[in-house]
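Asker: Fold the following.
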Amino acid sequence: AQLEGFGSYGFPESHAASFALIAYASSWLKCWHPDVFCAALVAGVADRCAELHIPCFGPTASLAKLESSKGFTRMLADRLQLPSPAYHLSSDAQEAIDWWRAFGRPVVVKLDGLAAGKGVVVPADDEETLTAIRAIAPIGPFVLEERLTGPECSLLALCDGTHAVALPIAQDHKRIGDGD
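Answerer: Predicted coordinates:
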């Protein structure tokens, strides 16, 4: 997109409408919702706003990677020794199937990249697990993640680099086709 101040960043043309909205919706504040503009955030639009001294509410590209890459997030959780499900990052169906069989427990199959909330398969049995792995492998990197059961919640905080303020705990676990 060739938007004033953004053209040299090489953002994909498909994001032009988002960048236009972001860049010109208001002269004093730019605000994105991660589910809607995650691709723009990963591409660095918040970083560019900061460089241009445009007030911005949204993560930097490096922080947006937490939302855009399940594999990166799992590896970071491992490195920081945060409790999280067992996982395996792969691009190869047979290698992933071998890991899953050795793991010996139910898994969830997730695309590693952005998928607009539609990149997760929760297989009901072994046959569905095999089908999901074989279907998702040609699309790109994916994560097999230990299936956990029970309530899930998210705790988000707003941070300015020095202070953090927690938002209310939230739940979001919609399945495709459930009408919610």
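Asker: Low-confidence bits of the chain, can you list those?
Answerer: Counting by pLDDT under 70, the low-confidence segments of the chain come to 1-37, 115-118, 172-180.
Asker: all helices in it, in order from the N-terminus.
Answerer: Defined through DSSP state H, the helices belonging to the chain, from first to last, are 16-24, 34-42, 45-51, 61-68, 70-79, 93-103, 126-136.
Asker: quick one: which of the ones you listed is nearest Q171?
Answerer: helix 34-42 (14.6 Å; C-beta to C-beta). (Each C-beta comes from the backbone N, C-alpha and C, glycine too.)
Asker: returning to what we had before: would a markdown table of the helices of the chain with mean neighbour count and distance to G150 be doable?
Answerer: Supplementary listing: those in a markdown table, determined by neighbours: other C-beta atoms under 10 Å; distance: least, C-beta to C-beta, whole Å:
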| stretch | mean neighbour count | distance to G150 |
| --- | --- | --- |
| helix 16-24 | 17 | 36 |
| helix 34-42 | 19 | 24 |
| helix 45-51 | 20 | 34 |
| helix 61-68 | 16 | 23 |
| helix 70-79 | 16 | 18 |
| helix 93-103 | 15 | 20 |
| helix 126-136 | 16 | 20 |
